[in-house]
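Engineer: Structure for the following, please:
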Amino acid sequence: MGMKNPLHRKKLQLALKAFSTKTIEKQSDLDHIWVTRWLDDIGLPQYKDQFHEARVDGRMLQYLTVVTSQLHHLSVKCAIHVLHVNKFNPFCLRRRPGDEKQPSPSEVVQWSNHRVMEWLRAVDLAEYAPNLRGSGVHGGLIILEPRFTAETLALLLNIPPQKTLLRRHLATAFSSLVGLQASQEKREYGNATGHMPLTTTAKVKPKKLGFTQFSHLRKRKPDDSVDYICPIDSSTHTVNRLTRSSANRGFIVFCFSLFSYFFFNNKSHHV
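Structural biologist: Below you'll find the predicted structure:
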């Protein structure tokens with residue numbers, strides 16, 4: 001067929017595999033048009049052209065090439081995890097405020113980027129809300145990522161460090177939003193030895209293969225990645241664990257089945 005884009009080939013492989021095994025997959029209902037709208041929801045519209053070119057659909061979301069920005073990488077991982085927990089329900093994200101006066105963490109985890117901006121307006125930080133456009137901040141990232149704190153949010157909102165009262169106000173509102181348990185666990189994670197705070201400039205470093213590892217590449221199955229972020233079995237375990245504890249824990253140290261699907265030198269193939 002002359003397919004040159006590796007992601008197009010992967011998409012065809014996944015479709016053929018599902019057809020041959022007669023597997024019913026909820027994610028197969030999510031086409032590449034839906035995925036581009038989903039990128040708007042999670043606050044990453046700048047990737048829409050690349051995803052559209054690669055025709056990334058619901059199946060492909062678990063086989064993406066790594067996103068180089070660490071913050072955006074985590075944003076995509078958390079967003080995919082939310083989809084998993086909600087069984088790939090295309091309408092699971094909440095875009096508008098509801099009737100809830102004090103939303104629970106299980107509700108916040110489903111907030112879109114726009115809904116987070118609405119919350120900022122509700123806590124008297126309207127002038128900073130537009131700074132979250134293109135940031136990748138959504139409810140899943142806020143609740144699920146242990147390194148995402150009020151300080152991270154203040155940095156993304158461009159609130160100057162000297163505005164201590166404003167930052168303190170944000171920290172209070174943030175703690176109320178994520179809940180007591182999540183706040184405590186984020187603090188514990190931040191105080192742990194070797195903790196590296198989340199920044200807006202950090203990059204994801206691809207795993208480098210040593211010479212001893214190349215001998216095993218031929219033995220890999222076609223769907224295997226050279227650098228799994230997490231084995232696929234662990235994803236199932238994590239999803240089940242979150243479902244059993246009902247995201248009200250407000251926080252989870254997660255591991256996802258978002259794969260790093262080969263590191264191509266040609267940047268046009270990267271998503």
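Engineer: Flag the shaky bits of the stretch 151-271 of the chain, pLDDT-wise.
Structural biologist: Within the stretch 151-271 of the chain, the stretches with pLDDT under 70 are 205-271.
Engineer: How many residues are close by residue 96?
Structural biologist: By other CB atoms under 10 Å, 8 other residues sit near residue 96. From N, CA and C alone the C-beta is placed, and that goes for glycine too.
Engineer: Hmm, residue 135 and residue 45 touching each other?
Structural biologist: No - counting by CB atoms under 8 Å, residue 45 sits too far from residue 135 to count as a contact (10.6 Å).
Engineer: The two: which has the busier surroundings?
Structural biologist: A direct count of neighbours by other CB under 10 Å for residue 45 and residue 135 places residue 135 higher, at 21 against 15.
Engineer: Assumed the more buried one was part of a strand.
Structural biologist: No - the assignment for residue 135 is coil, going by DSSP: H, G, I helix; E, B strand; the rest coil, so no strand is present there.
Engineer: Could you tell me the model confidence score at residue 55?
Structural biologist: Note for residue 55: predicted pLDDT of 81.
Engineer: Mind checking what secondary structure it has?
Structural biologist: Assigned by three-state DSSP, the conformation of residue 55 is coil.
Engineer: ok, it to residue 99 distance?
Structural biologist: Going from residue 55 to residue 99 by CB to CB, to the nearest Å gives 39 Å.
Engineer: Same check on residue 148?
Structural biologist: Distance from residue 148 to residue 99, by CB to CB: 27 Å.
Engineer: Looking at the two, which has the bigger crowd around it?
Structural biologist: Neighbours were counted for residue 148 and for residue 99 using other CB under 10 Å; residue 148 has more, 23 against 4.
Engineer: Can you tell me the SS state at the more buried one?
Structural biologist: Secondary structure assignment for residue 148 (three-state DSSP): coil.
Engineer: Return the residues in contact with it.
Structural biologist: Residues near residue 148 by CB atoms under 8 Å, 6 or more residues apart in numbering: 74, 141, 142, 186, 198.
Engineer: Kindly report the same for residue 103.
Structural biologist: Taking CB under 8 Å, 6+ apart, we find residue 103 in contact with residue 177.
Engineer: Quick check: phi and psi at it.
Structural biologist: phi -60, psi 140 (degrees, to the nearest 10).
Engineer: got it, and the one 4 residues further on?
Structural biologist: When read as degrees, to the nearest 10, the backbone of residue 107 gives phi -90, psi -40.
Engineer: hang on, isn't it packed against residue 94?
Structural biologist: Yes - with contact defined as CB under 8 Å, residue 107 counts as touching residue 94 (7.1 Å).
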